[in-house]
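**Student:** Predicted model follows, preceded by the sequence.
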Amino acid sequence: MKKQRAKIIGIARHRLSTDGDGITTLVAFHGCPLRCRYCLNPQSLGDGSRFREYSPQSLYDEVRIDELYFLATNGGVTFGGGEPGLHLDFIREFRGLCGQAWQINLETSLNIPTSNIEGLLPVVNTMIIDIKDVNLDIYRNYTGVANDLVLNNLRLIAEAGRQSDCIIRIPAIPGYNTDTDREASRMALEVLGFDRFDLFTYQIRKH
């Protein structure tokens, strides 16, 4: 069996109700299939040589220091990035180590192979999905790629009856979409049965 290892760009402890229920630890993976114009975590792209590589066991050993907080608040670990959905086997092995008592959340773009989502659905409790925009042209202009996988994965999640376990983030992206576009995205997702939405505006950092 192949030993799982992944580069982690950051671990943030004691996050309260920002990445799922209770107190969570955010673990951010290196690597992402998107090239968003306003990337919120540019360190997840390019050369990852400066970041520490973890195995599921070494990550578990590091984050378990907060297990009492997780158990007391129904919290746990939120995997973000980058794109955590690219690390299916790593996350499945981590779940085997922490057991079912911790919540495992996924902050994802869903722009990953459908087989990865099929494998992750039994493992994760909550998916926090940054949808960008349902409109193909808007999505491609902003991310540089198409959203076919995103839409297919949303349908897969809906067919599995897991809509209530998803929080859909629909951002207003300055220069790329409008409130009308965002409402159209929300309505299209409601047709699939999703009803938990986080509408916000990207804050563009000036460098």
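**Tutor:** Alright, I've got the coordinates.
**Student:** what's in contact with stretch 153-170?
**Tutor:** Residues from elsewhere that reach stretch 153-170 (Cβ atoms under 8 Å, 6 or more residues apart in numbering): 110, 112, 114, 117-118, 121, 124-131, 133, 182, 185-186, 189, 192-200. In this view, the C-beta of every residue, glycine as well, is placed from N, C-alpha and C.
**Student:** Skipping its backbone neighbours, what lies nearest the residue nearest the centre of the chain in space?
**Tutor:** By Cα atoms, centre = their mean, the chain has its centre lying nearest to Glu107, at 1.6 Å. Excluding the flanking residues, the one nearest Glu107 by Cβ to Cβ, 6 or more residues apart in numbering is Gly80, at 3.8 Å.
**Student:** Could you check which helix or strand contains the residue nearest to the centre of the chain?
**Tutor:** strand 103-108 (DSSP states H and E).
**Student:** Show me which residues of that strand are buried.
**Tutor:** When neighbours are counted by 16 or more other Cβ atoms under 10 Å, the buried residues of strand 103-108 are found to be Gln103, Ile104, Asn105, Leu106, Glu107, Thr108.
**Student:** and if you look at stretch 73-93?
**Tutor:** 73, 75-88, 90-93.
**Student:** how far out from the middle of the chain is it?
**Tutor:** 8 Å (Cα atoms, centre = their mean, to the nearest Å).
**Student:** which stretches of the protein form helices?
**Tutor:** Along the chain, the segments classed as helices by DSSP state H run 56-63, 67-73, 88-98, 114-120, 136-143, 148-159, 179-191.
**Student:** any weak-confidence spans in the protein?
**Tutor:** Residue ranges of the chain with pLDDT under 70: 1, 204-207.
**Student:** Was I right to think Ile117 contacts Gly85?
**Tutor:** Yes - using Cβ atoms under 8 Å as the test, Ile117 is close enough to Gly85 to be in contact (7.0 Å).
**Student:** Quick check: neighbours shared by these two?
**Tutor:** Shared contacts of Ile117 and Gly85, defined by Cβ under 8 Å, 6+ apart, are found at Leu110.
**Student:** where's the residue nearest to Glu107 relative to Ile167, distance?
**Tutor:** Per Cβ to Cβ, to the nearest Å, Gly80 is found 13 Å from Ile167.
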